[in-house]
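# my questions are about this predicted structure, shown below with the sequence.
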Amino acid sequence: MKRSTWLLSVVTALGLWGCSSGSSTSPGHYQYPCVTGTSQTLANPQPGQTGVPTTLGQVTIVAMGNGNTLYNTYTQWIVTLTDNTGTPWTGSPLSLVSDPSGPHPYPSDFYYASNLPMLNPGRTYQAFLSQPNASCTPVSLGQFST
């Protein structure tokens, strides 16, 4: 009896230790990705863009179409950034915006913006599409640098 209790304690401890270790640069560490029901990417700034002004003020994304989860629930999504020092930046809920001069990667483009505070100079930011009230891993949108 003592041996089985000891073994159960060891297995439980190892299981808890395995769940608590690891690291990631994405906000939220959940098993399942957030599902937008469409394709999306950064529109402004564009993926890989350098020299982005620290006073950008908002990140705009472009998504394909409006018959999807993202379009139907866009106010429940935000853009989050993680810079190369690991500092997180949280944007406001998405709003639908017009961007006629923006990129047009899809047959039917819909643009969404998330307001952000002033960014730090000389940093690289990884952008994510997140659902703050959901237990899912944010969707990577690309990166840019100031």
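Yep, that arrived.

# T73 - how many residues pack around it?
Neighbourhood size, T73 [other CB atoms under 10 Å]: 14. Every residue, glycine included, has its C-beta placed from N, CA and C.

# looking at it now. What's its pLDDT?
For T73, the model assigns a pLDDT of 97.

# quick one: it from C34, how far?
11 Å (CB to CB, to the nearest Å).

# joint contacts of the two?
Common contact partners of T73 and C34 (CB atoms under 8 Å, 6 or more residues apart in numbering): none.

# residue nearest the centroid of this protein?
F128 (1.8 Å; CA atoms, centre = their mean).

# correct me, but that one touches P138?
Yes - here F128 reaches P138: they are 3.7 Å apart, a contact under CB atoms under 8 Å.

# and the next helix or strand past the helix or strand bottoming out on mean pLDDT in the chain?
The helix or strand of the chain with the poorest confidence is helix 2-20; it has a mean of 45 (mean pLDDT, DSSP states H and E). Proceeding N to C from helix 2-20, the next assigned helix or strand is strand 40-44, under DSSP states H and E.

# next SSE after that following strand?
Assigned by DSSP H and E, the successor of strand 40-44 is strand 58-64.

# for T90, what are its contacts?
78, 80.

# quick one: it from F110, how far?
22 Å.

# how about Y125?
23 Å.

# so the two - more neighbours on which side?
Comparing Y125 with F110 by other CB under 10 Å, the one with more neighbours is Y125, at 24 against 21.

# which residues touch that one?
With CB under 8 Å, 6+ apart, Y125 has these contacts: 81-84, 89, 119, 143-146.

# closest to G57 out of the residues you listed?
Distance to G57, by CB to CB, is smallest for L119 among those, at 9.3 Å.

# using the three-state scheme, assign that closest one.
Counting by DSSP: H, G, I helix; E, B strand; the rest coil, the backbone at L119 sits in coil.

# please name the nearest non-neighbouring residue to it.
T54 (4.5 Å; CB to CB, 6 or more residues apart in numbering).

# count of residues packed around that neighbour?
Counted with other CB under 10 Å, the neighbours of T54 add up to 13.

# so it sits against G122, correct?
No - counting by CB under 8 Å, T54 stays clear of G122, with 9.3 Å between them.
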